[in-house]
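Peer 1: got a sequence here, can you model it:
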Amino acid sequence: MEFDHTTPANQAGMAHVKALLQHIGEDPEREGLRETPKRVIKAMTEHFAGYHEDPASFLLKTFEEVAGYNDLVMVSDIELHSHCEHHMVPFVGLAHVAYIPSGRVVGLSKIARVVDAYAKRLQVQEKLTAQIANTIQEALNPQGVAVILQCQHFCMCYRGVKKPGSWTTTSKLTGVFMTNPASRLELFTLINSPKRRD
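Peer 2: Reported below is the predicted structural model:
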C-alpha cells in the first residue's frame, strides 16, 4: 500500500518528528532535513506494521496429509528485527522456532510470518518469545513448541552500559520440550548443528 503523507495521522506524526529534531538542536528546515519527518513516519509504518496484523491468522491453514509425521519441525535462523519498548531503538537477531505436530502442520513460511508480526511492534524480548510460542501452541495444539531468540539490543550496545557484542538469549518451551529430555536434546542439537550456506 502506498504511503500517504497527507492523512491527518501522518501529518501529526511528521509534526512530532519535526519537534524532536528541534529538541536535539537541529534545524528541521535545512535542506538535508526537510524531508526527514516524512521519511521517519514512512519508516515507522514499516517498522511497526505488526500492529495491523493478526499473527494467529497465518496459522489458520494447516495440512493433515503428512503421512503420519509427528516428529520435530524446526525453522531456524529466522532474521528478527524489532524495537525495544523502553528506548524505541532496534534489537536484532535470530529466532529458532520448533514444534512437534499432533497431526497438523503449517506452511513453513507462516512460522516466519508469526515471528515478524510480533517483532514489528514495540517489544521486550521475553514477551516476544512467549507471544510467538503461545500463538503456535494455541493455533496448532502440537505436542510441544520451542522458541529461542538470540538478539543484540542497541539500547545496551550503543548507549547506557555500552557493551557491543553482548547477546541476550530467551526461550519458551511447552509440552514435550518441557517434559521429555530427548526432545529437548534433539532441539538444541539441531539448533547448534552447522548449516550449509551457498
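
Peer 1: end to end, how far does stretch 103-114 reach?
Peer 2: End-to-end span of stretch 103-114 (C-alpha to C-alpha, to the nearest Å): 20 Å.

Peer 1: which residue, other than its chain neighbours, is closest to the most centrally placed residue in the chain?
Peer 2: In the chain, the residue lying closest to the centroid (C-alpha atoms, centre = their mean) is residue 119, at 2.7 Å. Nearest non-adjacent residue to residue 119, counting by C-beta to C-beta, 6 or more residues apart in numbering: residue 82, 4.1 Å away. Heads up, the C-betas are built off the backbone N, CA and C, glycines and all.

Peer 1: same check on residue 157?
Peer 2: residue 164 (4.3 Å).

Peer 1: before we move on, what about residue 38?
Peer 2: residue 5 is the one closest to residue 38 (C-beta to C-beta, 6+ apart), at 5.0 Å.

Peer 1: bridged to the residue nearest to residue 119, which residues?
Peer 2: residue 91 (DSSP bridges).

Peer 1: let me see the ranges of the strands in this protein.
Peer 2: Ranges of strands in the chain, per DSSP state E, are 62-63, 73-84, 90-100, 105-106, 122-123, 144-153, 168-173.

Peer 1: mean pLDDT and distance to residue 24 for the ones you listed - can I get that in CSV?
Peer 2: Below are those laid out as CSV (pLDDT from 0 to 100; distance: least, C-beta to C-beta, whole Å):
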stretch, mean pLDDT, distance to residue 24
strand 62-63, 90, 49
strand 73-84, 96, 19
strand 90-100, 97, 18
strand 105-106, 94, 45
strand 122-123, 98, 21
strand 144-153, 97, 22
strand 168-173, 97, 28
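
Peer 1: compare the ones you listed and give me the one nearest residue 47.
Peer 2: The closest of those to residue 47 is strand 73-84. By C-beta to C-beta, the value is 6.2 Å.

Peer 1: and the closest one, how far from the chain's centre?
Peer 2: In terms of C-alpha atoms, centre = their mean, to the nearest Å, the centre of strand 73-84 is set 6 Å apart from its chain centre.

Peer 1: heads up, I number from 666, so please use that
Peer 2: Okay, using 666 as the starting number, the last item reads as strand 738-749.

Peer 1: now that strand: buried residues?
Peer 2: Using 16 or more other C-beta atoms under 10 Å as the test for burial, strand 738-749 gives 738-741, 743, 745, 747-749.

Peer 1: cool, and stretch 716-731?
Peer 2: 718, 720, 723-724.

Peer 1: could you chop this structure up by domain?
Peer 2: 673-712, 720-857 (automatic domain parsing).

Peer 1: start to end distance for the last one?
Peer 2: Just to be clear, that refers to domain 720-857. Length of domain 720-857, first residue to last, C-alpha to C-alpha: 27 Å.

Peer 1: can you tell me which residues contact residue 782?
Peer 2: Shown in contact with residue 782 (C-beta atoms under 8 Å, 6 or more residues apart in numbering): 715, 718-720, 723.

Peer 1: ignore the last one, residue 779
Peer 2: Going by C-beta under 8 Å, 6+ apart, residue 779 touches 720-721, 723-724, 762, 797, 800-801.
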